[in-house]
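**Q** sequence unknown, structure follows:
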């Protein structure tokens, strides 16, 4: 069975994530918020570093409930900076809180974050890869999403981070052309 060439198949939890989650289209706002927090936390780090701390993030960030996270105050930030289950980076923690507030604003404006983000592709999955080259770091779509989120006040949502977000949430199908998950 062939999988994406970037995957370290010696890490069973990574293989399970690849096979069951990565690139599966997401439509639930809570899952979108989870990936937004995790992908933003990843900036400058490997995805596997974040994946290993996912449960810590679930615990620290109220099971990714944006309504609760949006209310976190400076005392909560200080407590999170002591939490070894997450990446203890003040700006990333504060960005998750800010992004929860902005996320709720998008839900208010569009009815759901899902409607907002899928609107960038007219509700279609974008199939980027036609051969087994390495995926790009950014695309015009990730540039556009990043720019719009930044305009709305989001933090840690650069184009590279947003491309990883689009891949993870299945808005972009970026599995290698011969990967077992490609046709899912």
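**A** Looks like it came in fine. As the structure is a computational prediction, the values presented were derived from the model and not from experiment. Residues are numbered from 1 along each chain as shown.

**Q** same for the helix ranked longest in the chain, what does it pack against?
**A** Among all segments of the chain classified by DSSP state H, the helix with the greatest residue count is helix 90-110. With contacts taken as 3 or more CB pairs under 8 Å, 6 or more residues apart in numbering; DSSP states H and E, helix 90-110 sits against helix 29-42, helix 66-69, helix 74-80, helix 113-118. To be clear about C-beta, it is placed using only N, CA and C from the backbone, and glycine gets the same treatment.

**Q** any idea of the mean pLDDT for the second one?
**A** Taken as a whole, helix 66-69 has a mean pLDDT of 98.

**Q** buried sites along it?
**A** Of the residues in helix 66-69, 66, 69 count as buried by neighbour count, 16 or more other CB atoms under 10 Å.

**Q** just the buried residues of stretch 120-134, please?
**A** Using 16+ other CB under 10 Å as the test for burial, stretch 120-134 gives 120, 128-129.

**Q** is residue 19 in a helix, a strand, or coil?
**A** Taken by DSSP: H, G, I helix; E, B strand; the rest coil, the conformation at residue 19 corresponds to helix.
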